[in-house]
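>>> sequence and predicted structure below; questions after.
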Amino acid sequence: MRRVWAILVAGVFLYFLVGQFLPIIPTFGNVDLFARVAFDIINKSTTTNYNAVEFKKSKDLEDGSANVVTSIVVNYRSFDTLGEVSVLFCAAIGVGILASMLKSKKRIEFEEHKVLRISTGIVLPLILLFGAYIFIHGHLSPGGGFPGGTTIALGVLLLMLSNNEFKVTNVAKYVEQSAGAGYVVIGLMGMAIGGVFLMNFLPTGVVGNLFSAGVVPIVYTFIGFKVGAELSNVISDLREG
Amino acid sequence: MSNIIYYVSFIILGIGIYGIVSQKNLFKQLISLSIIDTAVNIFIVALGYVEWGEAPIYSTITPVANFVDPLPQALVLTAIVIGVGILALGSVLLVHINEKYGSLDPDEIRDTREVVE
Amino acid sequence: MIALLIAVPLVFAFASIPHERLGRYFLPFVAMFNLVCLFFFMHPEQILEVGKWPAAYGIALVLDNVSYPFLIFVNFLILMMSLSATLENRYGTLLLVLTAAVNGIMLTGDFFNSFVFLEIISVIAYIVAAHKDNALGAFKYLIFGGIGGTMYLLGAVSVYVKSGTLNMAYASFITDPMVVPTICIFFLITFLVELKVLPLGLWAPDVYSNGSSVTPIALGSIVTVSLVYLFSRIFLNIFDLPNPQLVGILAMVSIIFSELGALKQKGLGRALSFATISGVSTVVAALSMRESEITSAAYFYLFNDVVSKFILFTLFAYLGERGFKSNKTAGIAFTFASLSVVGFPMFAGFWAKYYLLKALFQVNSYALPAIILIAAVIEAGYLIKWNVELWYKEEDREKDREDVEAEKAEGVEEVEEVEDFVPFGAQVVTLLLALTLVVVGFMPGLIHDQTMSIANHVLDFRPYLDLILKGGM
C-alpha cells in the first residue's frame, strides 16, 4: 500500500515537472546569457560600461577575481555566503548540543594500525597545506573556502582514525569564533569605509594575480578556517558522543 | 533529445520522493532526502550550461570570456553546504532516536512508545 | 544601516561560542538594540544594496511599510521570549542566529537570499524542535522541511532562469505572467509545509507538544510570523497566488481537521498544537482571498493568535497540567489568552474574528465564515473544558495516574525540577501579553490601523517597485 502511494506521489510530481515545468525552461545549452545578470557579472561591468576582461591585463575593475564563481559567492552575493556560513555554524552547534545530550557516552575507538599511523605523519602536513592552498587561491582557481576547509577537516579526520588519543581541543572553538566574527567585522569595516555593509573596500588589482580581488581572499581565508574548525568539531562531536 | 540531462535529474528526483514515501526506515528517508538534494543540484547546474561554454574562470587557457552561466554554480555551492548541514543534523537526530527507542523502524518505535506510555 | 539588524545578532552569536551561557545573556540586549534601532533610527521606505552592487546584480535589503511593522512585532516577540523562556546552555547562541535570520528574511528583496535565510531558520528549527529529547518529532520536521526547502530552491532558480535576475521586484516585472503559476507551485509547497497547512503540516503536533518553553514559541510565534510575511510578500505583492480557490479549500479543510484533532487529544500540549495549526490555516485561507479588508483582518487574526498562543504555550511549558491552585496569576493569564483565542468580547480575539467575518461577508463569501464559526465553537468547547479542569484541579489529584505517566515520559530527572513553578520573568511576560490582549480588546484601533496600512501596501505592487527601481527602469 505504501509503495502504491509512493508511486502515485512520485508520478504526480514527475508529471508536473515534465508536463508543466519542462516546457517553460530553455532547452539544455540553449541559454541566452545576455538576458541574464550573469553576463555583466562575467564581464565585471555591473556598475561600469562593458569592457572585455582579459586575463593578467585588465586591472582595477569593480571586482578582481579570475574565478567568476568566486566573485559571485564572495563579492556580488556575499550576503548569501554569510547566511550559508551561519547555516553550517548552526548545524555544528546543533550536532554539539544533540551529541552532548546522548545518554550513553560511548566513545568510538578505532583499531590501531601502524602503517596508517606512520603514513599519517607524512601525509597530514601535505593535506593541510593543500587545504590552505585551495582557499588562498580561491579567487584564481576552482576551489575556495568551503572545499579548502573541508580538506583541512579531512586531515583532522585522518588524524582521528590513526590516533586514538587525539582530541579536538577548544582551540577549534576559538578559531571558529574569531573567523566567524572576522567575516562580519570585514562587512562592518566596509560599512565604516564605504558606507555599505560587506563592501569591497580594498583595491582589486590585476585579474589573475595572487594579490588581487580586494577582500575576497581574506574572506575566503576566514571561511576556510571556519569551515575547517566547524567540520572538525562535528566529526569530533559525533565520535566522542 | 538534448534535454536528456533534465530528464535524468527529474528521474533521480522521482526516485528520492518515492524513497521518502515508500521507505519505513528513517535512515533510508534521510538518504532519500539527500538524493533529492543531489538531483536538484544537478538540475540547477544544467540550467546554466551554454553550448560550447567553458568553466567560468579567467586563466591562461581561457583569457577571454566564453563561459557558461556562473550564477547557478554559485547557487549550487551554497545549496550543497546547506545540504551537508542538514545531513549532519539528521544523522545526529537518528542516533538519538535509535538510543531512545532502540530502532529506526516507525512500527517498532510505536510499539516501544506504547510500552513506555 | 538596516544591515545592522542582521549583522549585530550574528556578531554576538559568533562571539558567544566559547562560553556556553553567554548567548542567553546577549539575547535580550540584542533584541532591545534591534527595537531601539527600529523605533528611532530606521524608518520605512529605505533600501540598502549590500556591497554597493546594483539591486539586480547583488542583494538588496528593503525596509518598507510592510516589513517595518512586522519587524517590530517579531523583535518584540523575541525580546519577550528571551525573558520568559528557560534557555539551556547553547540555545542562546542559536536564538541569536534565529534573530538575524528572521530579520533577514523580512528585509531581503532577493529570492535566493530568502532561501538562505529560510534554511537558517529551518536548521535552527530542527535543533530547537529536538529540545526536551523530542528527536522523533524533530526528524519528521527535518524530512518535511527538507523537501520544502528544496522546492523553494527550485522556485528561486526558475525565477532566475525566466527573468535573468533574482531580485524580487525586477523578477516580478520581467517574468512572463504565463509561467508565474507554474513557478509559484514550488513556493506554495514550501509555504504549505512551513505554515503547517494540514496534509503537509503533519509534523507540527509532534514538535509543538514537547513541553518546552522554547520550541512552540520560537517556531509557532516568531518563525510563523516571519513566514506569513514572506507568504504575503511573494503571493500578494510580487506574484499572484496560483489557484487561490485550491489553497483556500486546503486551508479550510485543514482548519476543520485540526479543530477535530484538538478536540480528540487527551493532552493539553497536543490540543494547543492543533489549535495553532487551525489558527495559521485560518490566516492562510483569508490571505488567499487577496482583498485588502480581508488581508488586514487576517493580520489582526495572526496578531491575536500568536500572542495568545505565546501565553498558552509558555504556561503549559512551566505548569504542565498541574492546575492553577498555587499560581493564580498564571491562571488568569491562561484564561485571558484562551478567551481571546475563542473570540470572547472585550478581548483582541473578538475583534479579529469580527473584522474577518465582516470583511468576508462584504465580498459575499460564506464558506470560510461558516468554517470559522464552527471552528470557534469547537475551540470554545475544548479550551473552556481545559480551563475548568485546570482551575478546579484538586491538590491531591496532582499526582494522579495520568500525571505520573506524563512525567515519566518526560524523563525522570526533570520531575523535581518543574514543581509548580513559573519563573518571575515568564510571569511578568505572560501577564503583560494578557494585558495587551485586553487593551487591544478595548482599543482595537491600535492594531487595526497598522494592519490596514500593511494590507493596503502589500496589495499594491507599485511602491515596492518604485523603491527598488528608484523611479526609473
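Sure thing, it's come through. Residues are numbered from 1 along each chain as shown, chains lettered A, B, ... in the order given.
>>> doesn't B:Ile35 make contact with B:Ile15?
Yes. The criterion here is Cβ atoms under 8 Å, and B:Ile15 meets it with B:Ile35 at 6.2 Å. All C-beta atoms are positioned from the backbone trio N, CA, C, and that covers glycine.
>>> which residues touch the residue nearest to A:Gly224 when sequence neighbours are not counted?
Distance criterion Cβ to Cβ, 6 or more residues apart in numbering or on different chains; nearest residue to A:Gly224, sequence neighbours excluded, is A:Phe135 at 3.2 Å. A:Phe135 sits next to A:Gly143, A:Gly144, A:Gly145, A:Pro147, A:Gly148, A:Gly149, A:Tyr220, A:Thr221, A:Ile223, A:Gly224 when contact means Cβ atoms under 8 Å, 6 or more residues apart in numbering or on different chains.
>>> report the two of the residues you listed separated the most.
A:Pro147 and A:Thr221 (13.3 Å; Cβ to Cβ).
>>> and the most centrally placed residue in chain A, how far from A:Thr70?
Residue closest to the mean C-alpha point of chain A, counted by Cα atoms, centre = their mean, is A:Phe146 at 2.4 Å. A:Phe146 sits 11 Å away from A:Thr70, going by Cβ to Cβ, to the nearest Å.
>>> quick check: pLDDT value at C:Trp391.
Per-residue pLDDT puts C:Trp391 at 83.
>>> what of C:Leu230?
92.
>>> host element of it?
helix C:224-232 (DSSP states H and E).
>>> buried residues of the very next helix or strand once past that helix, list them for me.
Per DSSP H and E, the first helix or strand lying C-terminal to helix C:224-232 is helix C:244-264. Residues of helix C:244-264 classed as buried: C:247-248, C:250-259, C:261-262 (neighbour count, 16 or more other Cβ atoms under 10 Å in any protein chain shown).
>>> closest one to chain B out of the residues you listed, please.
Proximity of those to chain B (Cβ to the nearest Cβ) peaks at C:Gly261, which lies at 18.0 Å.
>>> what about the nearest residue to that closest one once chain neighbours are set aside, which helix or strand?
Distances taken as Cβ to Cβ, 6+ apart put C:Phe274 closest to C:Gly261, at 4.4 Å, once the chain neighbours are dropped. If you go by DSSP H and E, C:Phe274 is part of helix C:268-287.
>>> okay, the angle between that helix and helix C:224-232?
Angle, helix C:268-287 to helix C:224-232, by axes from the mean of the first three to the mean of the last three Cα atoms, to 10 degrees: 20 degrees.
>>> okay, the angle between helix C:268-287 and helix C:244-264?
Using the same axes, to 10 degrees: helix C:268-287 against helix C:244-264 is 160 degrees.
>>> and after helix C:268-287, which helix or strand comes next?
helix C:292-319.
>>> elements contacting the helix or strand that that next one is followed by?
Note on helix C:292-319: by DSSP H and E, the next helix or strand toward the C-terminus is helix C:328-342. Helices and strands touching helix C:328-342, as assessed by 3 or more Cβ pairs under 8 Å, 6 or more residues apart in numbering or on different chains; DSSP states H and E, comprise helix C:292-319, helix C:348-362, helix C:367-391, helix C:424-442.
>>> deepest of those, which one?
helix C:292-319 (a mean of 26; mean count of other Cβ atoms under 10 Å in any protein chain shown).
>>> and residue 178, how many neighbours?
All of this is about chain A. Residues lying near A:Ser178 (other Cβ atoms under 10 Å in any protein chain shown) number 19.
>>> nope, chain C
9.
>>> could you do A:Asn49 as well?
The tally of other residues near A:Asn49 (other Cβ under 10 Å) stands at 6.
>>> can you tell me the helix or strand for it?
Here A:Asn49 is assigned to no helix or strand, by DSSP H and E.
>>> please report how far it lies from chain C.
Using Cβ to the nearest Cβ, to the nearest Å, A:Asn49 is found at 14 Å from chain C.
>>> any idea how far B:Leu71 is from that residue?
The gap separating A:Asn49 from B:Leu71 is 21 Å, by Cβ to Cβ.
>>> follow-up on the earlier one: filter the contacts of A:Phe135 down to the ones in helices?
A:Gly145, A:Pro147, A:Gly148, A:Gly149, A:Tyr220, A:Thr221, A:Ile223, A:Gly224 (DSSP state H).
>>> can you name the residues that contact the residue nearest in space to the middle of chain B?
When chain B is reduced to its mean C-alpha position, the nearest residue by Cα atoms, centre = their mean turns out to be B:Asp37, at 1.9 Å. Neighbouring residues of B:Asp37 by Cβ under 8 Å, 6+ apart: B:Ala79, B:Ile80, B:Gly83, C:Gly146, C:Thr150.
>>> let's go with 10 Å and repeat that
B:Asp37 makes contacts with B:13, B:16, B:79-80, B:82-84, B:86-87, C:146-147, C:149-150, C:153, as judged by Cβ atoms under 10 Å, 6 or more residues apart in numbering or on different chains.
>>> could you turn the buried ones of those into a PyMOL selection?
Filtering these down to the buried ones (16+ other Cβ under 10 Å) takes a single PyMOL command:
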select buried, (chain B and resi 13+16+79+82+83+84+86+87) or (chain C and resi 146+147+149+150+153)
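>>> so which of the contacts of B:Asp37 reach chain A?
Restricting the contacts of B:Asp37 to those near chain A by Cβ under 10 Å from any Cβ of the partner chain leaves B:Leu13, B:Gly16, B:Ala79, B:Ile80, B:Ile82, B:Gly83, B:Val84, B:Ile86, B:Leu87.
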